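Chemist: Give me the fold of what follows.
(one chain, ligands or ions: 1)
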Amino acid sequence: MEDSRYARQERLPQIGASGQKALRDRTVAIIGLGALGSVGSDLLARAGVGRLLLIDRDIVEASNLQRQTLYTEEDARLGLPKAVAAEQRLAAVNPEVGLDIHAIDLTAENIQGVLAGVDLILDGTDNFATRYLLNDYAVAKQVAFVYAGVVGTYGMLGAIVPGGACLRCTWPEPPDAAESPTCRSAGVLGPAVSVIAGWAAAEAIKILVGKAEEVHAGYRYLDVWQGTHHAIYAKREEACLCCGKGEHPWLSGGRGTLAAQVICAGGAVQVPSPGHASDLPALASRLEGTVQDIKLAGAFLRFHVDDLDVIHFVDGRSLVRGTEDPARARAVLARTVGC
Ligand SMILES: [Zn+2]
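Modeler: Below is the predicted model:
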């Protein structure tokens, strides 16, 4: 007798047949299908989650293949949207999983329609504007949100469950983009991503099988090179503007992820300010060596990357020349400016 597909997982007392059925009845949205999203979506598809929403605004490039485990050389050669390449791969991994793809930039304008009905949101993003949008949405709609981020050899993860502390209880404001390292500027170790994304997927599975009380109440910080791990405890703050006072400016469009606007037919996209000014000299020194032709003038910083000309203004606004694709412009800004 051959064991069923999920036999080893059902054998776990923490999951069992009832947990397996719960997984099959759940829908998870994975926002960002880069390195974290590759590992997370693969694990959840194999675990037998009933339906996955695969959301990403970018295309597969050769420089992704070192760590983005869903993709192949062929996907990069074809320049497939990550959502499309991920769907092909995951359908082959587990045809029992329902897959819905959205090759879009998730914004305050479209999030309510796209994420309607999901049971859990898994963070695979590379920027804080989208994470704060997801946090606002998760708190407003009482949906679980598993946060994850990796850069260099370290990363952090944490589960935000309805009624518990939210991201803004601990960090009321996102970090200054100019001071935050990105994978492009600092590099990233593939195994660090697998560890963080794997642990985040475990927290997601606990919530999906109805054991949200067993997730860690806060965040975990890990450095796989140094072998360090810190558990950070988070407490729900009654004074938190998000979960305490019900203010959701990222969700209402007042902050962060307003849709980028194509401002002319001449091949440029304007991306509005995330709501705070940029420290241009700090940003310039951080980008040194990772982009070309950096020029710092009084009110703006200009550089060249991936055949695109980026002009980033001191008020936080950016202009990306060489494309009329808002998703591509925002993806390039997330990897460089970090907004
Ligand atoms: Zn809060």
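
Chemist: So for the residue nearest to residue 313 when sequence neighbours are not counted, what pLDDT did the model give?
Modeler: In space, and not counting its chain neighbours, residue 313 is closest to residue 300: 4.9 Å by CB to CB, 6 or more residues apart in numbering. C-beta here means a position set from N, CA and C on the backbone, and glycine is covered the same way. pLDDT for residue 300: 81.

Chemist: Does residue 300 touch residue 315 like I think?
Modeler: No: look at residue 300 against residue 315 with CB atoms under 8 Å: they stay out of range, at 9.5 Å.

Chemist: And these two? Which one has more around it.
Modeler: residue 300 (18 against 14; other CB atoms under 10 Å).

Chemist: Tell me which residues touch the more buried one, please.
Modeler: 280, 311, 312, 313, 314 (CB atoms under 8 Å, 6 or more residues apart in numbering).

Chemist: Can you give me the pLDDT of residue 265?
Modeler: Value for residue 265, per-residue pLDDT: 43.

Chemist: Going forward, count from 33.
Modeler: Noted, 33 is the first residue going forward, which turns the last one into residue 297.

Chemist: Name the nearest residue to residue 243, ignoring sequence neighbours.
Modeler: residue 46 (6.9 Å).

Chemist: Please give the element, helix or strand, for the one you found.
Modeler: Per DSSP states H and E: residue 46 is located in neither a helix nor a strand.

Chemist: Counting neighbours, what do you get for it?
Modeler: 11.

Chemist: From the ion, how far off is the residue nearest to residue 206 when sequence neighbours are not counted?
Modeler: Residue nearest to residue 206 in three dimensions, not counting chain neighbours: residue 160, with 3.6 Å by CB to CB, 6+ apart. Residue 160 is 15 Å from the ion, where distance means CB to the ion, to the nearest Å.

Chemist: next one: residue 316
Modeler: For residue 316 relative to the ion (CB to the ion), the value is 34 Å.

Chemist: Let me see the contact set for that residue.
Modeler: Counted by CB under 8 Å, 6+ apart, residue 316 has contacts 326, 328, 333.

Chemist: Show me which of the residues you listed is closest to the ion.
Modeler: Lowest distance from the ion to these (CB to the ion) belongs to residue 333, with 33.3 Å.

Chemist: Return the set of buried residues in the helix or strand encompassing the closest one.
Modeler: Using DSSP H and E, residue 333 sits within strand 332-337. Of the residues in strand 332-337, 332, 333, 334, 335, 337 count as buried by neighbour count, 16 or more other CB atoms under 10 Å.

Chemist: Sheet partners, orientation included, of it?
Modeler: Here strand 332-337 is paired, per DSSP bridges, with strand 324-328 (antiparallel), strand 340-345 (antiparallel).

Chemist: a markdown table for those strands, including mean neighbour count, mean pLDDT and distance to residue 305?
Modeler: Below are the strands paired with strand 332-337 laid out as a markdown table (neighbours: other CB atoms under 10 Å; pLDDT from 0 to 100; distance: least, CB to CB, whole Å):
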| stretch | mean neighbour count | mean pLDDT | distance to residue 305 |
| --- | --- | --- | --- |
| strand 324-328 | 12 | 91 | 18 |
| strand 340-345 | 20 | 89 | 8 |
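
Chemist: wait, isn't residue 162 in contact with residue 64?
Modeler: Yes: using CB under 8 Å, residue 162 is in contact with residue 64, at 7.5 Å.

Chemist: which one of these two has more residues nearby?
Modeler: residue 64 (29 against 25).

Chemist: got a list of what that one touches?
Modeler: Here residue 64 is in contact with 87, 88, 155, 156, 157, 158, 162 (CB under 8 Å, 6+ apart).

Chemist: what distance separates stretch 264-277 from the centre of its chain?
Modeler: 22 Å (CA atoms, centre = their mean, to the nearest Å).

Chemist: do that stretch and the ion meet?
Modeler: Yes: interface with the ion: stretch 264-277 contributes 272, 274, 275 (CB under 5 Å from the ion).

Chemist: Quick one: residues contacting the first one.
Modeler: If you count contacts by CB under 8 Å, 6+ apart, residue 272 has them with 197, 198, 200, 201, 204.

Chemist: again, but for the last one
Modeler: With contacts defined as CB under 8 Å, 6+ apart, residue 275 is in contact with 171, 197, 198, 200, 201, 268, 269.

Chemist: Inside strands: which ones of the residues you listed?
Modeler: Of the contacts of residue 275, none are assigned to strands by DSSP state E.

Chemist: now those as a markdown table including neighbour count?
Modeler: A markdown table is the format used below for those (neighbours: other CB atoms under 10 Å):
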| residue | neighbour count |
| --- | --- |
| 171 | 26 |
| 197 | 20 |
| 198 | 25 |
| 200 | 23 |
| 201 | 23 |
| 268 | 14 |
| 269 | 17 |
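
Chemist: Thank you, goodbye.
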